[in-house]
Every structure is written in C-alpha cells, then in structure tokens.
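>>> Structure of the sequence below:
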Amino acid sequence: HDDTQVPSSDGGGDDAADGRYAKSVRRLFERYDTDGSGALEGRELRAFMADVGLRTDGATRRAFRKLYDANGDGRLELREFERVLRALRRKQAKKDVELRAAFDRFDRDKSGAIEAHELRAVFEHFAEHSSYESRKRVFKQTVPRAAALVSTTATGGGGGGGD
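Residues are numbered from 1 along each chain as shown. Next up is the predicted model:
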C-alpha cells in the first residue's frame, strides 16, 4: 500500500469529475478493506494510517477514531473515509502553500531554483531556527540523497536539470 495517493479533487460540481472522484475514493477504500466488510478496522485501519504518514500507536488510533468515526462503532466506513481524505487534502494544500512560501523566501533572484549562493541562507536559517535533533534527522536523510544526486549528475547518470 505504500503507493497510496489521496484523490486530488472532488470534482467541484462537475458530474463526470464527481463520478471519477467517487470511483477513485471507493477503489482506494477497497484496497484497505481487505476483508470486504465495508469498513476499515484493526490491521486495515493501521495500514491506511501508516500509508498516509500517521502514527499507528494506540493513542493516535483512538484520537483518529474519535475525530473521524462519526457513528462511534470503532470502524471507518466509506463515508467516514471520505471525510478523512478531505482533511488530508486540506492539510496537504496548506503544506504546499507553506513550502512554496519558504521556497520563494530563499529564491532571492526569483530564478525558480535555489542556487548555491542562496542555499547558504537556507542552511543559516535552519541552523538558527531548529533543534539539534531536528538538524541531525534532516542531515541523516538528506546527505545520502544529495551524495547520490551529485554522483549520478557527475557521471552523467541523470538527476540534473534539462526539463
């Protein structure tokens, strides 16, 4: 299930788009409803939560059900699942706006790219406004990826511009 993508539109009133959206939501729901019961519970709910990036510990699952299990039966039916997807879309849209604003802040020459001279400001800001643990986590995730990108770019293996 690690390729889970939240359907991106509810159609906005276009009947054909609304129908496609409803079908994509149902297909996604059915991928997780492995027992065909018409509701997500237990392992199914944990798999969905993990795939959309939520923690799956007991406290988080209880809070999640309290928020989205409208009828309180401890299961997530299709209608409730749709509410979750709408909330996830709103959250992603907010993150996209915040990310764009952060990018624009550091893309000082408005070239559409963060160049080396601008990257220094990113690092300085990050060093000033983040905890040691946060910096360590980002460093561990970023350095291997950056090294691989530099390696493939240097050897002509792609990864560098041209689109």
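>>> show me the biggest helix of the protein in terms of residues.
helix 78-106 (DSSP state H).
>>> just checking, what packs against it?
With contacts defined as 3 or more Cβ pairs under 8 Å, 6 or more residues apart in numbering; DSSP states H and E, the packing partners of helix 78-106 are helix 15-32, helix 58-68, helix 116-128. For every residue, glycine as well, the C-beta is placed using N, CA and C.
>>> tell me the angle the second one makes with helix 78-106.
Between the axes of helix 58-68 and helix 78-106, defined by axes from the mean of the first three to the mean of the last three Cα atoms, to 10 degrees, the angle is 110 degrees.
>>> Please apply the same query to the last one.
Angle of helix 116-128 versus helix 78-106, following the same axes, to 10 degrees, is 120 degrees.
>>> winner for burial among the helices and strands packed on helix 78-106?
A comparison of those by mean neighbour count, using mean count of other Cβ atoms under 10 Å, puts helix 15-32 on top with a mean of 14.
>>> tell me what that one is packed against?
Applying 3+ Cβ pairs under 8 Å, 6+ apart, we find helix 15-32 packed against helix 43-51, helix 78-106.
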